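*Asks:* got a structure for you, letters missing:
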């Protein structure tokens with residue numbers, strides 16, 4: 001996929017899924033190749049098939065890819081915690097403020 005050879009990538013991913021249908025990452029690769037080829041419907045189906053089998057980081061990758069597919073190719077929104085403004089720590093005075101009390 002990264003080299004731009006989409007058809008061979010799709011063929012390899014499909015062969016991977018054919019040999020081991022429970023391998024969720026294979027479904028992710030099929031979906032990614034189909035999406036890159038412009039077939040969002042088939043990509044969505046591949047991501048959904050993978051989600052039925054996935055755990056951990058592959059599940060997160062499949063969920064994100066599926067959300068992007070549903071959002072018309074726009075990147076999925078980041079979780080609220082990632083986009084929320086961060087509080088700036090208050091500046092500290094160090095130990096010098098102790099001398100002000102004397």
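*Replies:* Alright, I've got the coordinates. Here the structure is a predicted model, which means the values were calculated and not measured. Numbering: from 1, shown residues only.
*Asks:* Quick check: which element contains residue 35?
*Replies:* helix 24-36 (DSSP states H and E).
*Asks:* Helix or strand next in line after that helix, which one?
*Replies:* Counting by DSSP H and E, what follows helix 24-36 is helix 40-51.
*Asks:* Buried by neighbour count: which residues of the helix or strand just after that next one qualify?
*Replies:* Note on helix 40-51: by DSSP H and E, the next helix or strand toward the C-terminus is helix 56-70. Buried residues in helix 56-70, counting neighbours by 16 or more other Cβ atoms under 10 Å, are found at 58, 61, 62, 65, 66, 68, 69. All C-beta atoms are positioned from the backbone trio N, CA, C, and that covers glycine.
*Asks:* nearest to residue 31, of these?
*Replies:* residue 65 (5.9 Å; Cβ to Cβ).
*Asks:* In contact with that closest one, which residues are there?
*Replies:* Shown in contact with residue 65 (Cβ atoms under 8 Å, 6 or more residues apart in numbering): 28, 31, 32, 35, 43, 47.
*Asks:* picking that back up, let me have the buried residues of helix 56-70 in JSON lines, extended by pLDDT and distance to residue 22.
*Replies:* Output for these, formatted as JSON lines (pLDDT from 0 to 100; distance: Cβ to Cβ, whole Å):
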{"residue": "58", "pLDDT": "92", "distance to residue 22": "12"}
{"residue": "61", "pLDDT": "94", "distance to residue 22": "16"}
{"residue": "62", "pLDDT": "94", "distance to residue 22": "14"}
{"residue": "65", "pLDDT": "94", "distance to residue 22": "18"}
{"residue": "66", "pLDDT": "94", "distance to residue 22": "18"}
{"residue": "68", "pLDDT": "92", "distance to residue 22": "24"}
{"residue": "69", "pLDDT": "89", "distance to residue 22": "22"}
